[in-house]
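Visitor: Everything below, folded, please.
(one chain, ligands or ions: 1)
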Amino acid sequence: MTTILHIKSSSAPQGSVTRQIGITALERLKAQAPGAKIIERDLVKTSVPHVDPQFVGAMFSGKPDAAELALSNQLVDELFASDIILIESPMYNFGIPSVLKAWIDHIARAGKTFRYTANGPEGLLKGKQAVLVLGSGGVYSDGPMKAMDHQGTYLRAVLGFIGITDVESITVEGVAMGEDKKTEALARAAQQAALLTQHQPAAA
Ligand SMILES: Cc1cc2nc3c(=O)[nH]c(=O)nc-3n(C[C@H](O)[C@H](O)[C@H](O)COP(=O)(O)O)c2cc1C
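Guide: Residues are numbered from 1 along each chain as shown. Sure thing, here's the model as predicted:
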């Protein structure tokens, strides 16, 4: 059975474009994997705390089962249990929302999701597919703002670091640049989401 981890991080009270396109993407993935199990992590409804001294102390304590790491271990388990990771991320100040960063701080764990070898770091989450739904008010895929994109570039870098290299991005950009541009961006993203293909066989 296919398992899809669906991560939401928009704090928009209504009209979130990443949540809207995320629904289309999820429906498409589910249509290709009847009976798929969905693990939903709405990081706005239920936020993951910032890392604090207790967390960092436990992380370096050599006791991976320390109580302070219980949530982190659960989030890591969810990743390992998933075949597809669908991440919705608006751009906030050229990067990702802090609620999503807090989740990353909990799942990037030495010895669990990556390890250091004599040849450098090795990601331990193999054979996963990720889909990013990226929203932004401006345009970053090309043009003068491209160098300011620390959203999609960052997410791809982190996912690659933990071993997830099959990453597809659906971009809804320029949504603050007028209604026409927003409507066009949403239509293009919805089309891309409706054509998504599942790459990974369900984990045994
Ligand atoms: C706190 C905050 C910071 C933002 N920072 C940026 C930014 O740096 N660049 C940008 O292009 N848009 C920025 N935006 C606009 C959002 O990226 C844009 O509205 C996007 O649609 C948000 O996705 P959502 O509709 O799913 O919430 C920001 C919005 C908020 C609320």
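
Visitor: Only C-alpha atoms from now on, for both contacts and neighbour counts.
Guide: Fine.

Visitor: Can you point out the buried residues in stretch 85-92?
Guide: Residues 85-91 are the ones in stretch 85-92 that count as buried (16 or more other CA atoms under 10 Å).

Visitor: Low-confidence regions, this structure specifically.
Guide: Residues of the chain meeting the criterion pLDDT under 70: 200-204.

Visitor: ok, Ser47 - contacts?
Guide: Ser47 makes contact with Val99, according to CA atoms under 8 Å, 6 or more residues apart in numbering.

Visitor: Could you check which helix or strand contains it?
Guide: For Ser47, there is no helix or strand it lies in under DSSP states H and E.

Visitor: Any idea which residue is closest to the centre of the chain?
Guide: Ile87 (3.2 Å; CA atoms, centre = their mean).

Visitor: Now tell me what touches the strand or helix carrying that one from outside.
Guide: Using DSSP H and E, Ile87 sits within strand 84-90. Under the contact criterion CA under 8 Å, 6+ apart, strand 84-90 has outside partners 2-10, 18-19, 22, 26, 79, 96-97, 100, 128-136, 151, 200.

Visitor: Now narrow these to whatever sits close to the ligand.
Guide: For the ligand, the contacts drawn from the contacts of strand 84-90 by CA under 6 Å from any ligand atom are 10, 18-19, 135-136.

Visitor: For these, which entry has the maximal number of neighbours?
Guide: Ranked by the number of neighbours (other CA atoms under 10 Å), those place Gly135 first, at 30 neighbours.

Visitor: residues in contact with Met59?
Guide: Counting by CA under 8 Å, 6+ apart, Met59 makes contact with Leu69.

Visitor: Next, give phi and psi for it.
Guide: Backbone torsions of Met59, given as degrees, to the nearest 10, read phi -60, psi -40.

Visitor: gap between it and Leu69?
Guide: 7 Å (CA to CA, to the nearest Å).

Visitor: and what of His106?
Guide: Plainly put, His106 is 8 Å away from Leu69 if you go by CA to CA.

Visitor: Likewise for Pro53?
Guide: Per CA to CA, Pro53 is found 12 Å from Leu69.

Visitor: Looking at the two, which is more packed in?
Guide: Leu69 (19 against 10).

Visitor: part of a helix, is Thr171?
Guide: No - assessed with DSSP: H, G, I helix; E, B strand; the rest coil, Thr171 is strand; it does not lie in a helix.

Visitor: Could you pick out the residues of this structure near the ligand for me?
Guide: Counting by CA under 6 Å from any ligand atom, the chain comes close to the ligand at 10-12, 16-19, 90-94, 135-138, 175.

Visitor: now with 8 Å?
Guide: Proximity of the chain to the ligand, by CA under 8 Å from any ligand atom, involves residues 9-12, 15-20, 88-95, 97, 134-140, 172-176.

Visitor: Which ones among those residues map onto strands?
Guide: 88-90, 134-136, 172-173 (DSSP state E).

Visitor: Between the two ends of stretch 55-66, how far is it?
Guide: 9 Å.
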